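Only the shape, not the letters, is given here:
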Ligand code: GRF
């Protein structure tokens, strides 16, 4: 069996995406293992998922470093020492310096709760509601120095309901995130994702045979259709 890709998840808080990745990595044949969890916040709730799964975790507090670059260098050193193949940002609430991002280009991914390039930055659900879109969702993308801007790997579309508020919409998108992030990591681990400039190409996905569900895994029928 080919060696499994070693994934590090970087978190700052709740860690529900981390939990979904840990769960997925338990699936037989899944091509990645969560080898390390790093939090920049001591006591981040998500650290409990690492502990429960017996996964190594580290707290590297950004406040202990004089500036972003020094903090990023400390993380970089740990990630290289642990021979990490892929970094998954999973609710990591720190901007990364261009030097860090450039050093991990193509091996650093993020999940953002909107259908990029719409609604970058903070409060994407509020932005979506204010814009009045009927379809919202989430995106897994490679990280580039520009925030929420890198090549898109996978997206899940989620309907916006008439009575949605930010909380309801965020919850529906989060459920889709928990399917989408493990899917994107599986595609990368399986060697199915290649980078071509601003685009990614996904191989081994045959439209129409069920494999292409990744474009819309978060769709839920209206309650009266269930
Ligand atoms: C998610 O909505 C993710 O898309 C965003 O931050 C949130 C993290 O949630 N980047 P969790 O910590 O994974 O529960």
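That came through fine. On a predicted model such as this, the values are computed, not experimentally measured, just so you know.

now for the helix or strand harbouring residue 200, which elements pack on it?
Secondary structure here is read from DSSP states H and E; on that basis residue 200 sits in strand 199-202. When contacts are defined as 3 or more C-beta pairs under 8 Å, 6 or more residues apart in numbering; DSSP states H and E, strand 199-202 packs onto strand 152-159, strand 193-196. (Each C-beta comes from the backbone N, C-alpha and C, glycine too.)

ranges for the strands of this protein?
Secondary structure of the chain (DSSP state E): strands located at 5-11, 32-39, 57-59, 86-89, 108-112, 135-142, 152-159, 193-196, 199-202.

As a markdown table, those strands with distance to residue 48 and mean neighbour count would be great.
Putting these into a markdown table (distance: least, C-beta to C-beta, whole Å; neighbours: other C-beta atoms under 10 Å) gives the following:
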| stretch | distance to residue 48 | mean neighbour count |
| --- | --- | --- |
| strand 5-11 | 11 | 24 |
| strand 32-39 | 10 | 23 |
| strand 57-59 | 10 | 17 |
| strand 86-89 | 18 | 23 |
| strand 108-112 | 20 | 24 |
| strand 135-142 | 23 | 25 |
| strand 152-159 | 26 | 22 |
| strand 193-196 | 30 | 14 |
| strand 199-202 | 33 | 15 |
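
Now do the contacts for the closest residue to residue 140 other than its chain neighbours.
With C-beta to C-beta, 6 or more residues apart in numbering as the criterion, residue 140 has its nearest non-adjacent residue at 3.8 Å, and that residue is residue 184. Residues in contact with residue 184 (C-beta atoms under 8 Å, 6 or more residues apart in numbering) are 109, 111, 140, 153-154, 193.

Greatest separation within those: which pair is it?
Farthest-apart pair in the contacts of residue 184 is 111 and 193; separation 14.7 Å (C-beta to C-beta).

quick revisit: how near is the residue nearest to residue 140 to residue 114?
15 Å (C-beta to C-beta, to the nearest Å).

Report how many residues lie close to residue 171.
The local packing count at residue 171 equals 11, with neighbours defined by other C-beta atoms under 10 Å.

so how far is residue 125 from it?
Using C-beta to C-beta, which is the criterion applied here, residue 171 is 10 Å from residue 125.

what's the spacing between the longest helix seen in the chain and its chain's center?
In the chain, assigned by DSSP state H, the helix with the most residues is helix 166-189. Using C-alpha atoms, centre = their mean, to the nearest Å, the mean C-alpha position of helix 166-189 is found 8 Å from that of the whole chain.

can that helix be found next to the ligand?
Yes: using C-beta under 6 Å from any ligand atom, we find that helix 166-189 touches the ligand at 174, 177.

That helix: which residues count as buried?
Neighbour counts using 16 or more other C-beta atoms under 10 Å place 169-170, 172-189 of helix 166-189 among the buried residues.

Check stretch 93-111 too.
Buried positions in stretch 93-111, judged by neighbour count with 16+ other C-beta under 10 Å: 96-97, 100-101, 103-104, 106-111.

still on that earlier bit, now render the strands of the chain as TSV, adding distance to the ligand.
Listed next are the strands of the chain as TSV, based on distance: least, C-beta to the nearest ligand atom, whole Å:
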stretch	distance to the ligand
strand 5-11	6
strand 32-39	10
strand 57-59	14
strand 86-89	7
strand 108-112	4
strand 135-142	6
strand 152-159	11
strand 193-196	19
strand 199-202	18
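
Generate a markdown table for those, with mean pLDDT as supplementary columns.
Putting the strands of the chain into a markdown table (pLDDT from 0 to 100) gives the following:
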| stretch | mean pLDDT |
| --- | --- |
| strand 5-11 | 98 |
| strand 32-39 | 98 |
| strand 57-59 | 98 |
| strand 86-89 | 98 |
| strand 108-112 | 98 |
| strand 135-142 | 96 |
| strand 152-159 | 93 |
| strand 193-196 | 93 |
| strand 199-202 | 92 |
